[in-house]
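Asks: here is the input, now give the coordinates:
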Amino acid sequence: MIAGRKQSDGFAVIRTDNAKEAGSDTHLSSIYAWHFNAPHLPPRPIVVNQTIYGYDVRNDWLLVHYKLSNNSRQVVTLVHDLAKNISCSDVLGPPPVHYCFQRSEADSVSIIRTDYARDAGPVLVNYQLWKIAPQYSTPFVAQAQIYRMG
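Replies: Okay, the predicted model is just below:
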């Protein structure tokens, strides 16, 4: 079943909800991409059978956040260059998180990642700016980090 659709000028990205395994509470989804100039070709699977928290598309870039494993609380950040069909991924920190594109270029993308901690007292919000370039040996580079009390 199609659970969502996003697009850029050149690509359509579809999120599908997969059938649950018997006796499992895990909700698994997949992300597929099509190039508008090649609709006759099968879709490219980008993320398959994962608990996906969110995804977004900007220009030729796809940003996906999914659970590392059923036993983990860690969130994987995957960046995929749709034009070059290359990906990179990393665990950038603990949930709960929110990500958004800040800027996209031909060979890299910048994202802003926010997370927060709410123990006793005020909320501590962490803002991080990451530059990501899948073709480099160190694709994820932290550019800035700011903590704010709320």
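
Asks: which residues of this structure fall in strands?
Replies: 2-7, 11-17, 29-35, 44-50, 52-58, 61-67, 75-81, 86-91, 97-104, 109-117, 124-132, 140-149 (DSSP state E).

Asks: I'd like those strands laid out as CSV, including mean neighbour count.
Replies: Where you see a C-beta, it was placed from the backbone N, CA and C, and this is true even at glycine. Shown next, in CSV, are the strands of the chain (neighbours: other C-beta atoms under 10 Å):
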stretch, mean neighbour count
strand 2-7, 13
strand 11-17, 18
strand 29-35, 20
strand 44-50, 16
strand 52-58, 19
strand 61-67, 22
strand 75-81, 22
strand 86-91, 15
strand 97-104, 16
strand 109-117, 18
strand 124-132, 17
strand 140-149, 12
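
Asks: okay if I get the ones you listed as CSV plus mean pLDDT?
Replies: Formatted as CSV, the strands of the chain follow (pLDDT from 0 to 100):
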stretch, mean pLDDT
strand 2-7, 92
strand 11-17, 96
strand 29-35, 96
strand 44-50, 95
strand 52-58, 94
strand 61-67, 95
strand 75-81, 95
strand 86-91, 96
strand 97-104, 91
strand 109-117, 90
strand 124-132, 92
strand 140-149, 91
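
Asks: for the most centrally placed residue in the chain, give me its contacts.
Replies: By C-alpha atoms, centre = their mean, the mean C-alpha position of the chain lies nearest to residue 64, the distance being 1.7 Å. Residue 64 makes contact with 31, 46-47, 52, 54-55, 77-78, 80, according to C-beta atoms under 8 Å, 6 or more residues apart in numbering.

Asks: now it: how far from residue 123?
Replies: Plainly put, residue 64 is 26 Å away from residue 123 if you go by C-beta to C-beta, to the nearest Å.

Asks: do the same with residue 53
Replies: Distance, residue 53 to residue 123, by C-beta to C-beta: 20 Å.

Asks: now swap in residue 57 and tell me
Replies: 30 Å.

Asks: and what of residue 36?
Replies: Distance from residue 36 to residue 123, by C-beta to C-beta: 42 Å.

Asks: cool, and residue 15?
Replies: 30 Å.

Asks: likewise residue 100?
Replies: In terms of C-beta to C-beta, residue 100 sits 19 Å off from residue 123.

Asks: I am finished for the moment; much appreciated.
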